[in-house]
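Trainee: coords below, sequence missing:
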């Protein structure tokens, strides 16, 4: 069972790995989600996607757009719309602060991961600034160089004989 980085027992349902590639994450916030019963059951089954999701602050409320939660397989006619807009639960000060940061040029609110903490669904929001293509290429080149160095150092270490 995957654990979150804080070590507080939250079970990660889905992570947005693409967000860390496409954006510089400057700060993170934890927010609750307003969900229906079938959405919670689908999340517990791990059927969610944060790939194209983003958050906005409108009229003093925070909303999460384009997060796909698959319909629950055993659901009935009351099943949920997979791409519906979901309300985020934050303190008023946090909403105001996030709204101000998101209105600055080049910044957006991106969901980084969705997890359960103490049985409650939470989303980790990141205040992010978009990366340029050359930044992404530099990052990939750095990772490949680190891999090559680690491989070379690993080959040089003498092996123990038994």
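Mentor: Happy to help now that I have it. Just so we're clear, the structure is a prediction, and the values are computed from it rather than from any experiment. Numbers count the residues shown, from 1 in each chain.
Trainee: Quick one: residues contacting the most centrally placed residue in the chain.
Mentor: Geometric centre of the chain, nearest residue: residue 112, 1.7 Å, by CA atoms, centre = their mean. Contact analysis of residue 112 by CB atoms under 8 Å, 6 or more residues apart in numbering lists 15-16, 19-20, 25, 28, 50, 124-126. Placement of C-beta: from N, CA and C, glycine included.
Trainee: Mind telling me what element it is part of?
Mentor: Applying DSSP states H and E as the criterion places residue 112 in strand 107-117.
Trainee: for the record, mean pLDDT for that strand?
Mentor: This predicted structure assigns strand 107-117 an average pLDDT of 90.
Trainee: Tell me how many other residues crowd residue 152.
Mentor: Neighbour count for residue 152, taken as other CB atoms under 10 Å: 9.
Trainee: Could you measure from the closest residue to residue 87 other than its chain neighbours over to residue 121?
Mentor: Of all residues beyond its chain neighbours, the one nearest residue 87 is residue 34 (4.2 Å), with distances taken as CB to CB, 6 or more residues apart in numbering. Look at residue 34 and residue 121: by CB to CB, to the nearest Å, they are 9 Å apart.
Trainee: element containing residue 30, please.
Mentor: Using DSSP H and E, residue 30 falls within strand 23-33.
Trainee: Show me what the helix or strand following that strand packs onto, helices and strands only.
Mentor: Downstream of strand 23-33, the first helix or strand assigned by DSSP H and E is helix 37-44. Using 3 or more CB pairs under 8 Å, 6 or more residues apart in numbering; DSSP states H and E as the contact criterion, the secondary-structure elements in contact with helix 37-44 are strand 68-69, strand 107-117.
Trainee: change it to 7 Å
Mentor: Applying 3 or more CB pairs under 7 Å, 6 or more residues apart in numbering; DSSP states H and E, we find helix 37-44 packed against strand 68-69.
Trainee: Who does the strand it packs on pair with, and is each partner parallel or antiparallel?
Mentor: In the sheet containing strand 68-69, the strands it pairs with under DSSP bridges are strand 48-49 (antiparallel).
Trainee: Relative to the whole chain's centre, how far out is the helix or strand that the strand it pairs with is followed by?
Mentor: Downstream of strand 48-49, the next assigned helix or strand under DSSP H and E is strand 54-58. Distance of strand 54-58 from the chain centroid (CA atoms, centre = their mean, to the nearest Å) equals 15 Å.
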